[in-house]
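Participant: Let me see the structure of the following:
(chains A and B)
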Amino acid sequence: AQSVSQHNHHVILSEAASLELGCNYSYGGTVNLFWYVQYPGQHLQLLLKYFSGDPLVKGIKGFEAEFIKSKFSFNLRKPSVQWSDTAEYFCAVNKRGNTGKLIFGQGTTLQVKP
Amino acid sequence: GAGVSQSPSNKVTEKGKDVELRCDPISGHTALYWYRQSLGQGLEFLIYFQGNSAPDKSGLPSDRFSAERTGGSVSTLTIQRTQQEDSAVYLCASSLPGLATEAFFGQGTRLTVV
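Facilitator: From the prediction side, this is the model:
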């Protein structure tokens, strides 16, 4: 069965620090990969996505993620975080195609100290 | 509306009562998902509808949970004989048909069983 694992459950950083959130998935087929973000009091919104092509994808607000197929990983990175990046981050995967339900990781809470 | 709409936004119910949660997906989105978000539990997949295909109910936690989607649009998630452990935020999402599409989420319904 598909599963998604996020290694960091709670991360605390100071502003301007670099961020890397780990995400590994278990599925052998062709997949789509996503990072969603949930800011306090707001609904889930897409941060970035990988469908095909360049494995390094760039999203909103300076975030990027790299798909490494051999490692089944899709880690999220940002070179310099801001206080406004405080949120919960979810990695998600689905099988390419119309029948692919979206499976989420447990989420990582990021707290950025000003 | 422009986004996924869920109602009610908050629901407090007594243990043992039935509840219905509603989701209006984005027009034209053939895929519809229900998730449950509990504190520290991430997003738990419940059920997935895709067009006229049989829904994927593999995530429903018990037979007290059911969902239907009428006319390929509005969906209702019903929880019978609610229990305190059903307290959570129930999220609905929808997406376009296609091999690689992203899901758009509603604001959720916060269910509290007392």
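
Participant: how deep is A:His43 tucked in, by neighbour count?
Facilitator: Using other Cβ atoms under 10 Å in any protein chain shown, A:His43 has 18 neighbouring residues. (Glycine included, C-beta is placed from N, CA and C.)

Participant: doesn't B:Ala103 make contact with it?
Facilitator: No. In this structure A:His43 lies outside contact range of B:Ala103 using Cβ atoms under 8 Å: 11.5 Å.

Participant: Sticking with the residue most central in space within chain A, tell me its helix or strand.
Facilitator: Centroid-nearest residue in chain A: A:Trp35, 3.3 Å away (criterion: Cα atoms, centre = their mean). Take DSSP states H and E as the rule and A:Trp35 turns out to sit in strand A:31-38.

Participant: nearest spatial neighbour of the residue nearest the centre of chain B, skipping sequence neighbours?
Facilitator: The geometric centre of chain B, computed from its C-alpha atoms, lies nearest to B:Trp34 (Cα atoms, centre = their mean), at 3.1 Å. Take B:Trp34 and drop its neighbours on the chain: the residue closest to it by Cβ to Cβ, 6 or more residues apart in numbering or on different chains is B:Leu46, 4.2 Å away.

Participant: got a list of what that neighbour touches?
Facilitator: B:Tyr33, B:Trp34, B:Tyr35, B:Arg36, B:Gly59, B:Leu60, B:Pro61, B:Phe65, B:Ala67, B:Leu77, B:Tyr90 (Cβ atoms under 8 Å, 6 or more residues apart in numbering or on different chains).

Participant: before we move on, which element is it in?
Facilitator: With DSSP H and E as criterion, B:Leu46 is part of strand B:42-50.

Participant: any idea which helix or strand of chain B has the worst average confidence?
Facilitator: Lowest on mean pLDDT, DSSP states H and E among the helices and strands of chain B sits strand B:42-50, with a mean of 91.
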